[in-house]
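J.: Build me a model:
(one chain, ligands or ions: 1)
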Amino acid sequence: MRQAIRECAASRTIAEIINTYPVVQDFFINYNLPNLQKNLTLAQALAEIPQEQLAEFGLDRFSLTEELVRFVAALAGNLEAQEKVESITIIGGRNKAGEAENVTLTIAAGEVISIVGPTGSGKSRLLGDIECLAQCDTPTNRQILINDHVLTDEQRFDMGNKLVAQLSQNMNFVMDVNVAEFLAMHAKIRLCKNPEQVINRCFVCANEMAGEKFAMDTRVTELSGGQSRALMIADTAHMSASPIVLIDEIENAGIDRKQAISLLTENQKIVLISTHDPLLALSADKRIVIKNGGIYKILETSDEEAKSLRDIEKLDAMMLAVRQQLRYGERVKPLMPVLG
Ligand SMILES: Nc1ncnc2c1ncn2[C@@H]1O[C@H](COP(=O)(O)OP(=O)(O)OP(=O)(O)O)[C@@H](O)[C@H]1O
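T.: Residues are numbered from 1 along each chain as shown. I've put the predicted structure just below:
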């Protein structure tokens, strides 16, 4: 890979290099070289830069080129090295009373699993175990396998190659950038092939899911909870390489939940959702029922439940209509009987 990047850096113009590896633009900014002439090759452009300017960073023209090759190779390598996740397996530990869970559940790529149970029963704890790829070292003593294998510590704690993306209930942006800049930064870090197209798709999807629309120049710190959630779901679906997505209670975010789930499963991700929402719980392929901190049951959605789901969807649409009427200051219209 390094050789390919080195050849690209040696033979192409700066514009072409940036086109192939958009992160290179950040590399130049980091080394205080934002104004290199884009129509020149890297060697030609660097020849015009005073040697003292590069020396400030302890570099010369040759070592700067090598540094660039190293930088791009590290990012691209991380993405390429990611092994395809075909399945995750949860090996039971013990519940809050210390009793064995006696369960082994394997979840395949593309499956959606809901996690249900009373408040405080341990749904988030199960998501937490998957998030940290637990190896019998959390309060539940559960173990998580990927593709039937126990993970090495290196795989488990590899920050550049995260297997699990978590969308938690409380999300705060710590950067004061606008939506366009935020998405552009993610597209660049993840080496997206057509960044503009991907950014636009994320933006459109997020706005479809969110109730109130936001703009590309809205600052991320000004987004509402629901808008932030919608943006992060679209971002995770379209840009994140993480094959496992964990969602902690999406129902209160005021976004289109069904659309959010179908968006995430389009790309063969494994999706686990902790929820109190019957619509989400029954939309999943299976549901894990948690009781007193342990996996109590694993139920597949039956045909009868699938039929009930259609009725629940009608009720949900009715509730949504009432919610919209209230939100927009209208009088609530009489409710039509929806179930036959
Ligand atoms: N098997 C277990 N052993 C020990 N502690 C546990 C176990 N399972 C859950 N807990 C603990 O119980 C507490 C409540 O669990 P958790 O927050 O996961 O509940 P929850 O079902 O997500 O609740 P809510 O629906 O209110 O969000 C947490 O402190 C968690 O660490």
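
J.: rest of the way, CA atoms for contacts and neighbours
T.: Fine.

J.: Identify all contacting residues around stretch 94-111.
T.: 85-93, 140-142, 243, 265-271, 284-285, 292-296 (Cα atoms under 8 Å, 6 or more residues apart in numbering).

J.: Make a PyMOL selection of the buried ones in those.
T.: Those of the contacts of stretch 94-111 that count as buried under 16 or more other Cα atoms under 10 Å are selected in PyMOL with:
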select buried, resi 85+86+87+88+89+90+91+92+93+140+141+142+243+265+268+269+270+271+284+292+293+294+295+296
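
J.: show me what contacts the most centrally placed residue in the chain?
T.: Nearest to the mean C-alpha position of the chain, counting by Cα atoms, centre = their mean, stands Thr236 at 2.9 Å. For Thr236, the contact set (Cα under 8 Å, 6+ apart) comprises Ala165, Ser242, Leu264.

J.: how about a cut-off of 6 Å?
T.: If a contact means Cα atoms under 6 Å, 6 or more residues apart in numbering, then Thr236 has no contacts.

J.: same check, this time on Ile298
T.: Ile298 makes contacts with Arg287, Ile288, as judged by Cα under 6 Å, 6+ apart.

J.: So that it lines up with my notes, have the first residue be 179 from now on.
T.: Yep, numbering from 179; the last one is Ile476 now.

J.: Tell me if I am right that it is in a strand.
T.: Yes: remark: Ile476 belongs to a strand, assigned using DSSP: H, G, I helix; E, B strand; the rest coil.

J.: How much space separates it from Val342?
T.: Counting by Cα to Cα, to the nearest Å, the gap from Ile476 to Val342 is 22 Å.

J.: Would you mind naming what in the chain lies close to the ligand?
T.: Proximity of the chain to the ligand, by Cα under 6 Å from any ligand atom, involves residues 272-274, 297-303, 317-318, 471-472.

J.: Which ones among these lie within strands?
T.: Among these, the ones falling in strands (DSSP state E) are Gly472.

J.: now the residues of the chain next to the ligand: which count as buried?
T.: Among the residues of the chain next to the ligand, those classed as buried by 16+ other Cα under 10 Å are Arg272, Asn273, Ser299, Gly300, Lys301, Ser302, Arg303, Thr318, Gly471, Gly472.

J.: May I see these arranged in JSON lines, with pLDDT as well?
T.: Shown next, in JSON lines, are these (pLDDT from 0 to 100):
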{"residue": "Arg272", "pLDDT": "96"}
{"residue": "Asn273", "pLDDT": "96"}
{"residue": "Ser299", "pLDDT": "95"}
{"residue": "Gly300", "pLDDT": "95"}
{"residue": "Lys301", "pLDDT": "94"}
{"residue": "Ser302", "pLDDT": "91"}
{"residue": "Arg303", "pLDDT": "95"}
{"residue": "Thr318", "pLDDT": "97"}
{"residue": "Gly471", "pLDDT": "96"}
{"residue": "Gly472", "pLDDT": "96"}
